[in-house]
Structure formats: C-alpha cells, structure tokens
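A.B. asks: Sequence isn't available, so here's the structure alone:
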C-alpha cells in the first residue's frame, strides 16, 4: 500500500475521447496537481471477438501517462459483457415471479455491450470467458512502470437471479449450512423432501425465513466472486495491490446482497463511490449530509485493521437524468467534500471525472468535469488545487492520521436490516442513519462495529433497531454489560431469533427472563410518539411503539398514556437501557439540534470536541505524530464564528487550512468560518 502519501487522481472516461486530446489532458492532470489517472479496461471494448483482444488504445494511454509521470489505477469494471459471451453462455438473469413462474430479464445494453446487472455470473461459460480476460489484462500490464494498482470490480453488486445455475449454487449453500432437509424445513416452515426442491424465494413478506437465508447466501456469493477475481489477478501479479470498490450509500444495498465487511476482507483494501454527495441535495440539508458521513465511517470500519481505504469515485460536477434528478455542485462544495473525505480517514480520492463526458445523453455541458470541455479551469478546478496544495504541504501528517480511541460504538446489524426490509413497512436505515446524525451533529466520535469480537473496550454501545441479533452478538453484549458496559437498545431488542422467527419474548435471547423486563404490546407507528422523563425532559421515538413491563427495574420515561417507554436494567456491573420506540429514527431527517442534544446527554455520550455553534459547525478529531488535527466544517450559508474546546491542553495552534485562529488559555481556540467553509488546525 501507499502509507506515506495521499493519492489524488481522476477518472479518464468510460468512452475515451479522441486520441488527439490525450497529450493535452494528461499535461493538465499534472498542472492541476493530480498524480494518478484512473483508466477503465472495458471488457467488451477490448474483446470484440472470442479470444481476440485489442489493446492498442490502452497501450497508448498507459504510455502517455508514464511520459507525464502519472500513475495508473487500472480498473476492470466488469460493467459490460461482450454480446457473444451472453449468447454463448446463456447467462441471462431470471426473476422468480411465483412457485412455477420465471421470467428472463431483457438484455440492457451499455457502452456497446450487455450491462452486468443483466448477466448471471453463475453461468460457467461466462466465468470461463471472464477469467481469461482478467488474466490477459493483468498479464499484459503487470510490469508496466505506470501501473499503481488494480481495481477488479467497481461498484460491486449482485443481481437477484433464479436461473438454474444460481439455484444450484443456492441449494449447495443450503446443504452446507443445514444438517439435513428436516432442519431446513423446521426453520423455513416448509415441507420439502430434498434440497433439490428448494428455489430462491419470491415473496419477502411471506417467506421471511427463506429471504433471510437467501440474503445471507447472496452476501456470501458476492464475497466469493470478489475473492475469485482477486485470486485471478494475484495469480498473474503478486506485486501490485488488488482492490474493489462499492456503490454510493452501500448500506442501502444489503437487501441486494452487498455486505461491505465481507467484501473488504477479500481484497488488499477497499474503496467507495461517494456520489450521494451529488445525487441528493445534501448541502441544503445537514441531516442528509450525515448519510455521507455514515458511508465514510462504514469504510473506516471495514478497514479498521490497517485504517486504509480510498474514495474511488467522488462527484465533481453535476448530473442530469430528467426534471427530478438534476443536481449540481455549487461553489465551495467540492472543497468541502474533499476535506470531509480526508477528515474521515480516506487515504486516496479519485474525482469523477477529469472533464465532462460527451458520450452520454444525460451529461450536461460542464457537468461531471473537474475542468471544462477543453481542459479550462472552473471553480471546481480552483477548489481542488487549493485542497491539494494544503495536502501536499502536510502530506506526511495527513497520511499517518489515526482517530483517537473512541469510548462509543454504533452496532450495525445486517440481519436486522434484512428483517426490516422483508417486512416492507419498517426502515432499518432510518434508525441507523438517524443514530449517525445524532452523534455526528453533537461532535461525538464513534466507531461502527459489526462483529461479536468488536464488542469490547467501549463505554457505551448504541444499537439502532436491533431486531435480529445472532447468538454470538447477544452473548457478547451480555458479557460486555456484565463487565461494566452500557448497551442502549433503540427499539425492539432481539424481537426475532437467529432464523427470523418471532422471539417468544422481547427482549429476546433470554434477556426478558434474565433481566425481568418484557414487551407486552407492539404497534407500528405512522407518527412520532413522545417519551416523558421524570425531570420534565421530552424525547420522541417513531416507527414502532413497544409497551414495556419494567417489573422491578427502573422506569426512566413513560408514554403520554403513562405506560412504560424507557427502562434501565442492571446486568452485572453494567446495564441495558431499552427504549420502546426508535428514537434515532426521528433524526434521520431532523435538524432539531436541541432535542438531539437532550438524547445524547441522557445516553451518557460526551463530545470529543466542544464546538459552538452546535449544529451549524461539525468537527472531526484525528491524531498524527504526537499532534492533534482538528477539522471544522461550517454547514451554513452564513459566516460562523466557531469556538472549540478539545478537552486537552495544547501550547500552539497551526492553521493548515482556513483563516487565523485565536487562542484562549491553551484550552480553547476560535476561528471564523466563511459559508460552507473549512478550517483545519494542528494542535501541539
């Protein structure tokens, strides 16, 4: 990897522009401050006839990049499959419409081939042809002096398919998971006579147990595909890193078989697209912006072993897909986004893309480009140059940054996500993103955790809508609480068991009997519900309303009808706090900072940085080489005078980005932030 530097690059098209523009464009790369060019080796454009590869264009691009001292991120996007492969392999995606009904998806074309989401990768002949292409590409360029790294699958996903190939793979997975068909029948509530009768589910609401198993299968299957591609590339090139990168807002894709944690474990390091900073009006809505923060924190979580990941695609222009999807970056927003990525630990950033693309009908003039159509400067070019100048001046400091050890963790539960998705009327992402917003807007630094082995070393673990937790997670949370930890359950804890059957009691996993608290009624909420605390504090929850019987435990809050809403239960030296409704879900889209601060205080969270004005200015704390690095972001459209108390003493403050700071007694500093302004301060 590249631990001593921050990689800054840009995409150079899907349909490459005429060759007479290449020399000028690559010269502009260097002038602007880009050090890496991302080039796509698009399968159907290279293999136009079976086994015949045309490399001329890629050869020339690689040579010109090397001549300009640019490194190349070589991407094998697998976005498009040659027509002949789809026909030869009979690799069409099949959708299950019912017990006997099947429908082939019509072919969808893209970049001159068949778009990958309409091809089934389980077709053996498609795999054979794909393997040959990957090996040919990697073997050809593995010794090229310009090569930096391989990205063997961009924006990873897996289509939902019920063809005979995928069905056989699913049946084999089930055989490995369950002892016999009797065990599967007990869990699925079915009466199959053999595994060969089991097919992918087609009704999420009525086949909840099968849908959970099928989703787990698909996440395993996608991780297996990534490992297959990784091994293919490594079999030809042991020297260069092999990576993949995920979609924008990947958390939304769990129902589509994407699990970032599983995928990241198959490659040298992971990356992410960050187009949600463009597709939604995030700069107009701070709560929406927190979803981008959540995505970056997920990337940091899946990369925690070495704290290394890239933002592989960051929008730097505008998009037009019709009257309802026209978005553009306004002045100052690219600069803001670049610093946000760096502040949350990205060690490489690739802009999408260098200059506007002329091929696609939805592109607009001066749209996606960092530069104009002729390479001329835009306000985005100037913002990037300012960013890269500050980064290069402090590169060693930024490259070695690590966040301080956090006292707080947010538990992500993919099975709870899948279960809510199957119900169709509950939103796990609303609860999860709301929790991120609650913590982030209050400047509380946190880790996102996923596995039982990570449940240790924190003071508080917050669990948004923890409906389905497997036994390893339940046991780890109980052991954690017994040793003094605090578990906050934001909604029905363990409402479903490990196989998606409704638990006999909620809280599940035996906690109801063990702690003497039980949910006696449950209602889906259309509107928010009020919690009233003894000190007059009011907090709101939504999505669900569980009526709790606290038994001998402490009641912390009641609903307006006097029923018990929030209960504290001692567990060893620690405790569980159960909320009958999801508080965090109320804050997915809310900007009510006062109410958010109330809940944060109640839970016992403390900000890592005391920043004012709260809600308008957010922060991030990093550490590097004995220094503390403070990032401050003004989300407002007016100038803000921000004050910051880090909670530790310091002697000097150095401005790395932004305006001059004023010190107060070595415990606090203040800085003026312009609209959408950023300040980066080094404290020693």
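C.D. replies: Perfect, thanks for sending it. All values reported here derive from a predicted model rather than from experimental measurement. Residues are numbered from 1 along each chain as shown.
A.B. asks: to the chain's geometric centre, what's the distance from stretch 346-359?
C.D. replies: Taking CA atoms, centre = their mean, to the nearest Å, one finds stretch 346-359 lying 19 Å from the centre of the chain it belongs to.
A.B. asks: what do you get for stretch 558-576?
C.D. replies: Remark: stretch 558-576 is offset 32 Å from the chain centroid, using CA atoms, centre = their mean.
A.B. asks: for stretch 505-524, same thing?
C.D. replies: The answer for stretch 505-524 is 32 Å, by CA atoms, centre = their mean.
A.B. asks: buried set for that stretch?
C.D. replies: Judged by neighbour count (16 or more other CB atoms under 10 Å), stretch 505-524 contains these buried residues: 505, 506, 507, 508, 509, 511, 512, 515, 517, 518, 519. (Each C-beta comes from the backbone N, C-alpha and C, glycine too.)
A.B. asks: Stretch 477-494 spans what distance, first to last residue?
C.D. replies: Between the opening and closing residues of stretch 477-494 there is a gap of 12 Å (CA to CA, to the nearest Å).
A.B. asks: what is the mean pLDDT for that stretch?
C.D. replies: The average pLDDT for stretch 477-494 rounds to 97.
A.B. asks: same question, stretch 431-446
C.D. replies: Here the average pLDDT along stretch 431-446 is 94.
A.B. asks: Looking only at that stretch, what residues are buried by neighbour count?
C.D. replies: Buried-residue list, stretch 431-446, by 16+ other CB under 10 Å: 431-446.
A.B. asks: Quick one: the buried residues of stretch 505-524 as CSV, columns for secondary structure too.
C.D. replies: What follows is these, written out as CSV (DSSP: H, G, I helix; E, B strand; the rest coil):
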residue, secondary structure
505, coil
506, coil
507, coil
508, coil
509, coil
511, helix
512, helix
515, helix
517, coil
518, strand
519, strand
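A.B. asks: Among the residues you listed, pick out the one closest to residue 86, please.
C.D. replies: Nearest to residue 86 among those: residue 508, at 45.8 Å, using CB to CB.
A.B. asks: Next up, the contacts around that closest one.
C.D. replies: Residues in contact with residue 508 (CB atoms under 8 Å, 6 or more residues apart in numbering) are 469, 474, 493, 494, 495, 496, 497.
A.B. asks: give me that answer again for 7 Å
C.D. replies: Each residue near residue 508 by CB atoms under 7 Å, 6 or more residues apart in numbering is listed here: 493, 494, 495, 497.
A.B. asks: do the same with residue 370
C.D. replies: 10, 316, 351, 354, 355, 380, 381, 384.
A.B. asks: what two of these are the furthest from one another?
C.D. replies: 355 and 384 (12.6 Å).
A.B. asks: doesn't residue 351 make contact with residue 8?
C.D. replies: No - the criterion here is CB atoms under 7 Å, and residue 8 misses it with residue 351 at 8.3 Å.
A.B. asks: any weak-confidence spans in the stretch 1-150 of the chain?
C.D. replies: 1, 99-100 (pLDDT under 70).
A.B. asks: Run through who's touching stretch 520-530.
C.D. replies: Counting by CB under 7 Å, 6+ apart, 425, 492, 538, 540-547, 549, 559-560, 581, 586 sit against stretch 520-530.
A.B. asks: Could you pick out the buried ones from the residues you listed?
C.D. replies: For the contacts of stretch 520-530, a neighbour count by 16+ other CB under 10 Å gives the buried set as 492, 540, 541, 542, 543, 544, 545, 546, 547, 559, 581, 586.
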